[in-house]
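Enquirer: structural data only, the sequence is not supplied:
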C-alpha cells in the first residue's frame, strides 16, 4: 500500500484547474529605508552573494505572472551595491521595463537589467558580505559534512587549525591532512575560515602553563606560520582569524597573561606577513569572549577591544571577530524586536541577550572610526547540556527546541542588520566526534536545530517561493515517521523502503513543483514546493524516525494534511495534490482528518 500511494499520483492530479490566489496590493517601500532592509523578509538567505556589473536594478513591487509585461505599477528602480546583490535576484536572464516576464516573479524579487551575473570567485570576498557559516570538526567525515553543509545552505565553513599540530617541531610541517581537507571543501564551492591559535610547545615562553593554549614567545614565529598558510591555500581559503578568545586566560598561557598589547603586536605581525603573500586574504581579529570574570583570569571583551584600538590595531584587521554567545534564557525574542539599523550600531534596541552583546562592540568600532568594517561572529550558539562537564551546567536551561528557535532568530537578526559579516554557528558535529568535550554541548547534528535550519531556516521558504512555477501540478508528499514505520515487513524497514519510492518519484516527476513534509505526533519538517530536486533528495535522505531525533511518536494525520493544504494554498499552480503516506490511524494532533479532507475538497486539492 505504501508503494502504491506514489504510483497513483497520475490519477490524483486529474482535477479541474484551481483559480490562482489573487495578488496582494503593491506596497512601495519608503525611499528613506535601505532596499536591502525593506525586502529582507523576502530575501532567501544562504545563497552566495553574486557580484554584478551594474548597480541598476528593478524591484518587483507586486507579483508578475509569466508572460505578463512589466508595468509602472509593478516595478521600481533602485540602486544596489554591486558586490551585494540580494540572492533573490534573477541572474540567468535579461529583463527590462516593458519586457514580458520569462518566469513568475514574486513581490520583492530583484531583476537586474542589462547585466550578466557570475558565481562568487574563490578570492576577493568582500569583508562586509553577510554569509551563513558553521564550525566543523576537521577530523570529522568530510564527505558527509560537505553534504550536510549543502543541505543546510551554508556558504562558509570554519575550521580550528591548531598551530601546534601542523608544526609540532620548529620547521617540521604536517600539511597532508589539511591539504586533503581544504581541497575537498574548496572544490565543493565553500568559503573557508581558518582560526589559527594554540602555539606549539617549542615556541612558548618558559613561564607559560602548558595545560592551556598560549601565545608564542616571539610573535614573528606565528607570523611566519600564518603566512605559509595564506600562501599555500591561495584561492581556497578566504579568511584567517588571528587567535580567538585571547581575553581569557585559557587562550594565552594562564592566569595573569591576558595582555591586549601583546596581542596587538601578534596581530600586526600576522597581518603584515599574510598580506605580503596573499593580499586577498581576509584577516579577522580573534573573536573575544563575552565575560565578566576579573583579572587575572580575564578582561572584559569591550575593554579589551578598546585597548586594541588604543594600541594601533585598526589598520591591521579587515573585520572584527566576535563571539556573541548569549546568556541562557527561555525568552529569546523574535527578530522583529531588532531595529533595522546602519553600521552605527549604538541604536540597537533588541532586548535579547544575543543582540545586546553587539552594542558595545559596535560602539567601540564607531568611536575609533572603524564602523565601515563588518563584525564577524566567528563563534555563536546556545549550548544544550550533553556532557557532565560542570562548566556547562548552565546549558540545562536550554532545551533542544529552544536552541533551534534561538539559532534561527540569531541568523535572521544578523542577515537583517546589514553590518554583520559571515556568521559561524558553533558547531555542526562535535557532539558526535568529541562527545566528552565542551564543544559537544553546542553540536547540532542529529538535533532539532539541524532539522529546523533545513526545513525552516536559511531561506528555504523563500527559495521555494521564488522557484519558477511549472505549468503542471504542484505536489506535497507527506510522510509518516512515527515509530510504526520502523516495522521490518518491508526491507530494511517501512521508512527506508518508502524513502526509496519517494526518490524514484522525485527523479521522474516533471509536471510541477514538489514539496515534502514529515510528521509523527506533530508536524516535524516541511519544504515548500520547489523544483530543486537535489535539495529534496538530500532532505529525504536525512529523514529519520521521530524517536531517533528525540521527538514523541504518535500519528497526527489531520495536522499533517492540514499543514500540507496550507502549504499548497501559497502555490499559484493550476492543480495541486497531496500524496499522504502513513501506516497508522490518527491518534494525536489538533485537527481531525475528515475536517482537513473536507477543506482540501473545498479548495479542489486532490488527496
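Expert: That came through, no problem. The model shown is predicted, which means the values in this text are computed figures rather than measured ones.

Enquirer: for the stretch 251-400 of the chain, what spans make up the strands?
Expert: Remark: strands assigned in the stretch 251-400 of the chain by DSSP state E, counting those that start in this stretch are 282-285, 320-322, 375-377.

Enquirer: who does the second one touch, helix- and strand-wise?
Expert: This points to strand 320-322. strand 282-285, helix 358-367, strand 375-377 (3 or more Cβ pairs under 8 Å, 6 or more residues apart in numbering; DSSP states H and E). (C-beta placed from N, C-alpha, C; glycine too.)

Enquirer: ok, which of the ones you listed comes nearest residue 390?
Expert: When these are compared by Cβ to Cβ, strand 375-377 sits nearest residue 390, at 26.5 Å.

Enquirer: next SSE after the closest one?
Expert: helix 400-417 (DSSP states H and E).

Enquirer: quick one: mean pLDDT over that following helix.
Expert: Per-residue pLDDT values over helix 400-417 give a mean of 81.

Enquirer: and the angle from that helix to helix 358-367?
Expert: Relative orientation of helix 400-417 versus helix 358-367 (axes from the mean of the first three to the mean of the last three Cα atoms, to 10 degrees): 20 degrees.

Enquirer: pLDDT on stretch 286-302, on average?
Expert: On average, stretch 286-302 scores 90.

Enquirer: picking up where we left off before, and the strands of the stretch 251-400 of the chain as TSV, adding distance to residue 360 and mean neighbour count?
Expert: Output for those, formatted as TSV (distance: least, Cβ to Cβ, whole Å; neighbours: other Cβ atoms under 10 Å):
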stretch	distance to residue 360	mean neighbour count
strand 282-285	15	26
strand 320-322	10	28
strand 375-377	11	27
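
Enquirer: so which of these gets nearest residue 421?
Expert: Across the strands of the stretch 251-400 of the chain, residue 421 has its closest neighbour in strand 375-377 (4.1 Å, Cβ to Cβ).

Enquirer: give the other helices and strands that the closest one contacts.
Expert: Against strand 375-377 (3+ Cβ pairs under 8 Å, 6+ apart) you get strand 320-322, helix 358-367, strand 422-425.

Enquirer: got those as TSV, with mean pLDDT and distance to residue 223 columns?
Expert: As requested, the helices and strands packed on strand 375-377 are exported to TSV (pLDDT from 0 to 100; distance: least, Cβ to Cβ, whole Å):
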stretch	mean pLDDT	distance to residue 223
strand 320-322	94	18
helix 358-367	76	24
strand 422-425	95	24
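
Enquirer: distance to residue 305 added to the helices and strands packed on strand 320-322, as JSON lines?
Expert: Below are the helices and strands packed on strand 320-322 laid out as JSON lines (distance: least, Cβ to Cβ, whole Å):
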{"stretch": "strand 282-285", "distance to residue 305": "8"}
{"stretch": "helix 358-367", "distance to residue 305": "5"}
{"stretch": "strand 375-377", "distance to residue 305": "11"}
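
Enquirer: give the bridge partners for residue 423, please.
Expert: The partner list for residue 423 in beta bridges (DSSP bridges) reads residue 132.

Enquirer: just the helices and strands packed on strand 375-377: most buried one?
Expert: Compared across these, strand 320-322 shows the largest average neighbour count, a mean of 28 (mean count of other Cβ atoms under 10 Å).

Enquirer: any residues touching it, and which ones?
Expert: Residues from elsewhere that reach strand 320-322, judged by Cβ atoms under 8 Å, 6 or more residues apart in numbering: 241, 244, 284-288, 301, 305, 357-358, 361, 365, 370, 373-378.

Enquirer: kindly report the same for stretch 224-239.
Expert: Applying Cβ under 8 Å, 6+ apart, the contact partners of stretch 224-239 are 122-123, 125, 161, 163, 166-167, 173, 175, 182-183, 186, 191-194, 196, 240, 242, 270, 273-274, 276-278, 280-284, 319, 376, 422.

Enquirer: buried subset of these?
Expert: 122, 125, 161, 163, 166-167, 182, 186, 191-194, 196, 240, 242, 270, 273-274, 278, 281-284, 319, 376, 422 (16 or more other Cβ atoms under 10 Å).

Enquirer: narrow those residues to those in helices?
Expert: Residues of those located in helices (DSSP state H): 163, 166, 182, 186, 270, 273-274.

Enquirer: show me which of these is closest to residue 559.
Expert: Taking Cβ to Cβ as the measure, residue 186 is the one of these closest to residue 559, at 43.1 Å.

Enquirer: quick one: which helix or strand includes the spatially closest residue to the closest one that is not a sequence neighbour?
Expert: Distances taken as Cβ to Cβ, 6 or more residues apart in numbering place residue 236 nearest to residue 186, at 3.8 Å, with adjacent residues excluded. Residue 236 belongs to no helix or strand when elements are defined using DSSP H and E.

Enquirer: can you report how many residues lie near residue 236?
Expert: Neighbour count for residue 236, taken as other Cβ atoms under 10 Å: 17.

Enquirer: and it, how close does it get to residue 369?
Expert: 33 Å (Cβ to Cβ, to the nearest Å).

Enquirer: low pLDDT regions in the protein?
Expert: Within the chain, the set of residues satisfying pLDDT under 70 comprises 1-128, 325-359, 387, 394-395, 456-472.

Enquirer: domains in it, by residue range?
Expert: 126-461, 468-606 (automatic domain parsing).

Enquirer: returning to that earlier point: for the helices and strands packed on strand 320-322, which one sits closest to residue 520?
Expert: Using Cβ to Cβ, the helices and strands packed on strand 320-322 put strand 375-377 closest to residue 520, at 33.9 Å.

Enquirer: residues in contact with that closest one?
Expert: 127, 239, 241, 284, 287, 319-324, 358, 361-362, 365, 414, 419-424.

Enquirer: kindly recompute the last result at 7 Å.
Expert: Contacting residues not belonging to strand 375-377 are listed as 284, 319-322, 324, 358, 361-362, 414, 419-424 [Cβ atoms under 7 Å, 6 or more residues apart in numbering].

Enquirer: which strands and helices sit next to the strand or helix carrying residue 184?
Expert: Element membership for residue 184, per DSSP H and E: helix 176-187. In this structure, helix 176-187 packs against helix 142-152, strand 191-197, with contacts taken as 3 or more Cβ pairs under 7 Å, 6 or more residues apart in numbering; DSSP states H and E.
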